[in-house]
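Colleague: okay, predicted coordinates and the sequence, questions at the end:
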Amino acid sequence: MANFKGHALPGSFFLLFGLWWSVKNPLRHIWQKRQRGRKQNLPPFFRKMDLIEGVLKTFFAFVGIMAEQFVPDGPHGHLYSEDWVKLMNWQHSTMYLFFGISGIADILITAPLPVPAGLDRLSLSLALFVEGFLFYFHVHNRPPLDQHIHSLLLVAVFGGAASTMLEVFMRDNALLELFRSSLAILQGTWFYQIGFVLYPLSGKQWNLENHGNIMFITMCYCWHYAVALLIVGINYSVVWWVTRRCEGRQGVETEIGLRKNGHLDSSSQKALLQESDEE
């Protein structure tokens, strides 16, 4: 949709999942790090989170396709009628289609099926690549500022596609997961920025030919990413603090229970001290 809502919809999609990944991935990484040497599988809680993520991704992709196709001025499923019909809406629908495929892959990876490891990351990387591929040919013959603000989006899109492809071969890499989260947040906020620039809700229109506006937008892009990094850092710190506090409280409650039952022998004391040293 060539309006503000058409940019706010994918912006909300990427912002939501970027924030979700910035909490879920650190939580799983911190849990695995504190379970080192114990050979425990991930609890069902994490598998349920992956399943919910896949369902939500598929649902949002379906909503995006329906919104692009059946808005009042949409193509309503018609691709050609004496000429091409609303190709911009069809491009956006194609983008949502591949993210829907990524959501289905997330669901399959949680099912008890012989699904190859890394299928979820591979499908997400392909969805991001398709998004960038479509947007690359999306803004030809447009004013300079319009072309530039969309080309900046491609940096985040192709960067996310490349980093996610690396995750296929480097599973559970905390830095790559945090990098993907920051780029997803950047995509989300930048879609909103594109909407505000090209379709301002109030005030005068931007001069799409002014080089000064291009310079400002480039600087503004860097500010967006700085905020994305700050959000990822804050979320990681909060997750680390909360998990550490919960484990400390659980350890104290365990020690109190053992003392009440008279079972706090020397071996139990030694185990508690070892867990305290690990934390």
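Modeller: Perfect, thanks for sending it.

Colleague: please name every helix or strand in contact with the helix or strand containing residue 149.
Modeller: Under the criterion of DSSP states H and E, residue 149 resides in helix 144-169. Packing contacts for helix 144-169, counted by 3 or more Cβ pairs under 8 Å, 6 or more residues apart in numbering; DSSP states H and E, involve helix 119-136, helix 174-198, helix 211-261. C-beta here means a position set from N, CA and C on the backbone, and glycine is covered the same way.

Colleague: for the shortest one, buried residues please.
Modeller: This means helix 119-136. For helix 119-136, the buried set under the neighbour-count rule, 16 or more other Cβ atoms under 10 Å, comprises 120-135.

Colleague: which single one of those residues is nearest to residue 153?
Modeller: Among these, residue 135 lies closest to residue 153 (Cβ to Cβ), at 6.4 Å.

Colleague: touching, that closest one and residue 154? I think so.
Modeller: Yes. Counting by Cβ atoms under 8 Å, residue 154 is a contact partner of residue 135 at 6.0 Å.

Colleague: now the angle from the helix or strand containing residue 48 to helix 119-136?
Modeller: Here residue 48 sits within helix 44-70, counting by DSSP H and E. Orientation check (axes from the mean of the first three to the mean of the last three Cα atoms, to 10 degrees): helix 44-70 against helix 119-136 gives 30 degrees.

Colleague: from the chain's centre, how far out does helix 44-70 sit?
Modeller: 12 Å (Cα atoms, centre = their mean, to the nearest Å).

Colleague: circling back to that earlier point, including mean pLDDT and distance to residue 67, could the helices and strands packed on helix 144-169 go into TSV?
Modeller: Formatted as TSV, the helices and strands packed on helix 144-169 follow (pLDDT from 0 to 100; distance: least, Cβ to Cβ, whole Å):
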stretch	mean pLDDT	distance to residue 67
helix 119-136	94	16
helix 174-198	94	14
helix 211-261	83	24
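
Colleague: so which of those gets nearest residue 25?
Modeller: Distance to residue 25, taken as Cβ to Cβ, is lowest for helix 174-198 among the helices and strands packed on helix 144-169, at 4.0 Å.

Colleague: what angle do that closest one and helix 144-169 make?
Modeller: In terms of direction (the same axes, to 10 degrees), helix 174-198 departs from helix 144-169 by 160 degrees.

Colleague: who are the packing partners of helix 174-198?
Modeller: Under the contact definition 3+ Cβ pairs under 8 Å, 6+ apart, helix 174-198 sits against helix 4-34, helix 144-169, helix 211-261.

Colleague: buried ones in the shortest one?
Modeller: Yep, that's helix 144-169 we're talking about. In helix 144-169, the ones that count as buried by 16+ other Cβ under 10 Å are 145-150, 152-165, 167-168.

Colleague: likewise for stretch 221-231?
Modeller: For stretch 221-231, by 16+ other Cβ under 10 Å, it's 221, 224, 225, 228, 229, 231.
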